[in-house]
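> coords please:
(one chain, ligands or ions: 1)
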Amino acid sequence: MNASFTAPHPRNLLGRCTLVGAGPGDPELLTLKAARAIARATLLLVDDLVSDEIVALAAPGARVIHVGKRGGCRSTAQSFIEKLMIQAVREGEQVVRLKGGDPFIFGRGGEELEHLRAAGIEVEVINGITAGLAAATALGVPLTHRDHAHGVVFVTGHAKPGGNSPDWRALAQTCHTARLTLVIYMGVQTAAQIQAELLAGLPACTPVALVQHATLAQQRHALCKLQHLHSTLEREGLGSPAVIVVGEVLQGLLALAEAAPHSAAEVAADLAADAPARLSRAA
Ligand code: SAH
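Sure, this is the predicted structure:
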């Protein structure tokens, strides 16, 4: 069951709003519940990282508004999106807010939920597979493992403008002592700083995977040691959207890549048999 949140004094509205996770990219990773919500929507507000195949599940008469940075446009202001959703629900629309991955993992789903609730609107939230989980799985790597990692931390490398960035040194020390895998979203731009600060608490040889466009045909990845994180990103030309996975769960794959780069690439490529061969380099 996904959570359904009701405001304290909901109005009697015909419209409704559903925040839907579209998953990491591969349309087949969409949940059945998400597919049904998309099909019954009359208005869809769609973020950038949502596949066209998923948007195509909308009913023929549904209105689709892309609110991301598609076509080189600036992304739509968050306050405008929230106002649009509230107005559309009041007009009786079945609104679906379609977001990449999971709406509650770095998707501003929490902010939208709060605004809608404050306006007396009931919101349903449908989970999607988050990119960090899918990226590791696409390489055949578990985020937790009884021998290597007792847990996992999802963290953003891109703080809200004016906000505090994560305390990478504290995170590195915690991940090292508590044996946690670190999964960094939106970390490409700040990779050099992240690397420098993580090295204060994690060994230089800690394995890292960089995964771009996880689960899509154009997926690419590179494996390296923490001390080479930034240079590997630059050399391979890996860019956004990408996640950075840091931790001993990658040890086996990195060792394979260092010993036999082609075998490591094949292991990863075999895991998504319908996707083309991927880049794999060990640095
Ligand atoms: N709600 C989303 C995250 C949105 S933040 C989720 O749960 O996945 C956007 C960031 O997610 C990107 O900058 C990138 O770090 C990551 N991301 C999203 N899709 C991705 C993909 N297919 N491959 C790699 N990273 C991805």
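> was I right about V155 contacting M186?
No - using Cβ atoms under 8 Å, V155 is not in contact with M186; the gap is 9.5 Å. All C-beta spots, glycine's among them, are computed from the backbone N, C-alpha and C.
> higher neighbour count, these two?
Between V155 and M186, counted using other Cβ atoms under 10 Å, the more crowded position is V155 (21 against 17).
> next structured bit after the helix or strand containing the more buried one?
Applying DSSP states H and E as the criterion places V155 in strand 151-156. Next helix or strand after strand 151-156 toward the C-terminus (DSSP H and E): helix 168-178.
> let me know the angle separating the next helix or strand after that following helix from strand 151-156.
Note on helix 168-178: by DSSP H and E, the next helix or strand toward the C-terminus is strand 180-185. Here strand 180-185 runs at an angle of 20 degrees relative to strand 151-156 (axes from the mean of the first three to the mean of the last three Cα atoms, to 10 degrees).
> pull the CA atoms of strand 180-185 into CSV?
Written as CSV, here are the backbone C-alpha positions of strand 180-185 (Å, rounded to 0.1, in the frame of the first residue of the first chain):
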residue,chain,number,x,y,z
LEU,A,180,27.6,1.9,5.0
THR,A,181,27.4,2.3,1.2
LEU,A,182,27.2,6.0,0.1
VAL,A,183,25.0,6.8,-2.9
ILE,A,184,25.4,10.4,-4.1
TYR,A,185,22.8,12.0,-6.3
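> need the pLDDT of the spatially most central residue of the chain.
For the chain, A131 is the residue whose C-alpha lies nearest the centre (Cα atoms, centre = their mean; 3.4 Å). pLDDT, A131: 98.
> do D270 as well
For D270, the model assigns a pLDDT of 69.
> ok, stretch 240-248 near the ligand or not?
Yes - using Cβ under 6 Å from any ligand atom, stretch 240-248 reaches the ligand at 240-243.
> in the residues you listed, which residue is surrounded by the most others?
V243 (27 neighbours).
> for that one, give me phi and psi.
Phi and psi for V243, reported as degrees, to the nearest 10, are phi -120, psi 150.
> surely it is in contact with V211?
Yes - applying Cβ under 8 Å, one finds V243 in contact with V211, separated by 5.5 Å.
> now for those two: what residues contact both?
Both V243 and V211 are contacted by A135, under the criterion Cβ atoms under 8 Å, 6 or more residues apart in numbering.
> all set now, cheers.
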